[in-house]
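>>> Sequence and computational prediction follow.
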Amino acid sequence: MKAGPQCESPCQTRRRPARRQHGSCWTSEVPERVRLGELIRLRVREEVARYNASPVPFFSGLVQPDDSERLARSYLLRVPRTLDWRAQADAALRAFARNGFFVLVGDRQVDDLDEELTLAELDVVSFVRLVPLVGG
């Protein structure tokens, strides 16, 4: 018997006046008012820019790049290369639409890409990726 999806550790975003990185979490300048779809694109653009600054075989992003293998907490690129943030962002929006991950703003789940969010400076936005459990 297969169990349902399991949540990976969520990555959280705080709206800050300056860009910062906290471990695997993304903390960046985010507009006070932003649509969810644009927030996802901003997050993906930031993580791809960090990766492209120093490409290595492992990518720890929101969605799996083409020609890569899923590992426990990252993706193994067969050949380290520069990633296209637009392609990754489009893949992230498709993944969101098919419930590949969900987004929490504070303790509220947001499920509409067109919903306009009003974020306060200390609001926490969590991107929670779902992964299938293996076993039986």
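It's in.

>>> Which strands and helices lie in contact with the host helix or strand of V131?
Secondary structure from DSSP states H and E places V131 in strand 124-132. Contacts defined by 3 or more C-beta pairs under 8 Å, 6 or more residues apart in numbering; DSSP states H and E place strand 124-132 against strand 5-7, strand 11-16, helix 36-53, strand 101-105. Bear in mind the C-beta positions are built from the backbone N, C-alpha and C, glycine included.

>>> Rebuild these as CSV, extending it with mean neighbour count.
CSV is the format used below for these (neighbours: other C-beta atoms under 10 Å):
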stretch, mean neighbour count
strand 5-7, 12
strand 11-16, 19
helix 36-53, 19
strand 101-105, 18
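
>>> Nearest to V125, out of the ones you listed?
strand 11-16 (4.2 Å; C-beta to C-beta).

>>> Quick one: mean pLDDT over the closest one.
Strand 11-16 carries an average pLDDT of 48.

>>> now swap in stretch 84-102 and tell me
Mean predicted lDDT for stretch 84-102 stands at 96.

>>> Residues touching that stretch, excluding its own?
Stretch 84-102 has contacts (C-beta atoms under 8 Å, 6 or more residues apart in numbering) with 37, 40-41, 43-45, 47-49, 52, 61-66, 103, 109, 111, 113, 127-130.

>>> Within the sheet, what are the partner strands of the strand holding V131, with directions?
strand 5-7 (antiparallel), strand 11-16 (antiparallel), strand 101-105 (antiparallel) (DSSP bridges).

>>> lowest-confidence helix or strand of the chain?
strand 20-22 (a mean of 37; mean pLDDT, DSSP states H and E).

>>> Can you tell me the closest non-neighbouring residue to the most centrally placed residue in the chain?
Geometric centre of the chain, nearest residue: L62, 3.3 Å, by C-alpha atoms, centre = their mean. Leaving aside its sequence neighbours, L62 sits nearest to A92 (C-beta to C-beta, 6 or more residues apart in numbering; 5.2 Å).
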